[in-house]
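Novice: I would like the atomic coordinates for the input below:
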Amino acid sequence: MKPVSTTWQRTPISYYGGKQTMLPHILPLIPEHTVYTEAFFGGGAVFWAKPKVKTEIINDFNANVYTFYKVLQTRFDELKTLIERSIISREAYKAALVIYHAPFAFTEVQQAWAFWYATNCGYSNQVGNCRITTNSKNVSALNNKITNFTDTYSARLRGVQIDNNDATEVLTHHDTPDTFHYIDPPYVGAKQGHYGGYEQEHFNELLATLSTLKGKFLLSSYHNNELTHYTQTHGWYQKEVSMHLGSSNSTGKKRIEILTANYPI
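Specialist: As a prediction, this is how the structure comes out:
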């Protein structure tokens with residue numbers, strides 16, 4: 001494994017459940033590969049931080065996420081124009097929610113803007129609850145996000161395959177001995193933000209798929225009995241990482257992140 005830089009490109013959106021703070025633990029564990037998949041993309045912190053490889057596939061089952069990245073890839077200038085017009089207001093947030101929940105009534109660029117605004121301005125970066133007030137700190141934070149929204153994002157996405165598919169389909173379809181799969185599903189039994197509804201049965205299906213892969217995978221999760229069973233059965237490797245909870249009302253609390261791989265970590 002190569003040495004990892006301590007600086008990396010940040011995600012274009014702040015995203016509930018994102019792995020920005022886990023990057024120092026994840027990036028050093030990534031093996032050599034020529035094909036990369038990220039089947040539960042979300043904010044894509046790992047993708048944005050790692051070096052580009054020959055073939056890359058990013059996927060998200062949420063159509064709003066998919067549309068955002070397709071627009072970011074192919075219509076950056078139009079999206080940037082809307083983002084530059086963004087202001088701090090609850091009315092703007094309500095407008096973003098209308099577009100988010102009724103996307104087919106709006107253009108794809110409007111949908112992409114709504115997703116960007118709703119996640120960056122939502123409480124704990126979740127779509128649904130506005131945390132933004134017009135104090136100078138929040139205005140400055142949004143202005144910084146606007147300033148940092150540059151065409152380096154669309155350039156990084158050049159040549160990347162962007163899918164809106166079931167995660168297991170992505171994993172099996174793009175699996176080769178030279179593939180590295182980073183997998184960050186919604187955590188079973190935990191708050192899932194706008195990914196609510198991912199249950200143990202879905203996680204079990206994912207684990208069954210992982211057990212068949214020829215390529216290497218790294219899975220992020222919490223402790224899970226079925227995962228423990230698969231790890232013991234298939235000789236997978238695990239690493240625990242203690243992390244502080246991110247929300248302000250959970251100061252001092254910690255969570256244990258589990259990294260599971262089918263190669264030594």
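
Novice: Tell me how far the lengthiest helix in the chain lies from the chain's centre.
Specialist: Of all segments of type helix in the chain, defined using DSSP state H, the longest is helix 108-121. Counting by CA atoms, centre = their mean, to the nearest Å, helix 108-121 is centred 15 Å from the centre of its parent chain.

Novice: shaky segments in the chain?
Specialist: Within the chain, the segments meeting pLDDT under 70 span 1-8, 15-17, 122-136, 138, 190-196, 245-252.

Novice: which other helices and strands contact the longest helix of the chain?
Specialist: Identification of packing neighbours for helix 108-121 by 3 or more CB pairs under 8 Å, 6 or more residues apart in numbering; DSSP states H and E yields helix 63-74, helix 76-84, helix 90-101, helix 136-147. For glycine as for every other residue, the C-beta is placed from the backbone atoms N, C-alpha and C.

Novice: out of these, which comes closest to residue 56?
Specialist: Of all the helices and strands packed on helix 108-121, helix 63-74 sits nearest to residue 56, with 11.6 Å by CB to CB.

Novice: related to what we said a few turns ago, could you check the angle the longest helix of the chain makes with helix 76-84?
Specialist: 50 degrees (axes from the mean of the first three to the mean of the last three CA atoms, to 10 degrees).

Novice: Now do helix 108-121 against helix 63-74, angle only.
Specialist: Orientation check (the same axes, to 10 degrees): helix 108-121 against helix 63-74 gives 110 degrees.

Novice: and the helices and strands packed on helix 108-121, which is most packed in?
Specialist: helix 63-74 (a mean of 20; mean count of other CB atoms under 10 Å).

Novice: elements contacting that helix?
Specialist: helix 76-84, helix 108-121, helix 152-156, strand 161-163.

Novice: Same list (those) but as a markdown table, adding distance to residue 241.
Specialist: Shown next, in a markdown table, are these (distance: least, CB to CB, whole Å):
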| stretch | distance to residue 241 |
| --- | --- |
| helix 76-84 | 33 |
| helix 108-121 | 24 |
| helix 152-156 | 26 |
| strand 161-163 | 28 |
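
Novice: Pick the most buried one from these.
Specialist: Comparing those by mean neighbour count (mean count of other CB under 10 Å), helix 108-121 ranks first with a mean of 24.

Novice: for the closest residue to residue 35 other than its chain neighbours, phi and psi?
Specialist: Distances taken as CB to CB, 6 or more residues apart in numbering put residue 179 closest to residue 35, at 4.1 Å, once the chain neighbours are dropped. Per-residue torsions, residue 179: phi -90, psi 140 (degrees, to the nearest 10).

Novice: right, and residue 179 touches residue 32 too?
Specialist: No - counting by CB atoms under 8 Å, no contact exists between residue 179 and residue 32, whose distance comes to 11.2 Å.

Novice: the more surrounded of these two?
Specialist: residue 179 (21 against 10; other CB atoms under 10 Å).

Novice: Next up, the contacts around the more buried one.
Specialist: Residue 179 is in contact with 33-37, 213-216, counting by CB atoms under 8 Å, 6 or more residues apart in numbering.

Novice: Residue 168 and residue 177, how far apart?
Specialist: 19 Å (CB to CB, to the nearest Å).

Novice: quick one, which of those two is more surrounded?
Specialist: residue 168 (16 against 11).

Novice: and the residue lying closest to the more buried one once chain neighbours are set aside, how many neighbours does it have?
Specialist: In this structure, residue 168 finds its nearest non-sequential neighbour in residue 209, 4.5 Å apart by CB to CB, 6+ apart. With neighbours defined by other CB under 10 Å, the count for residue 209 comes to 21.

Novice: One more: residue 24?
Specialist: 12.

Novice: same check, this time on residue 218
Specialist: Neighbour tally, residue 218, other CB under 10 Å: 22.

Novice: and it, which of the three is it?
Specialist: strand (DSSP: H, G, I helix; E, B strand; the rest coil).
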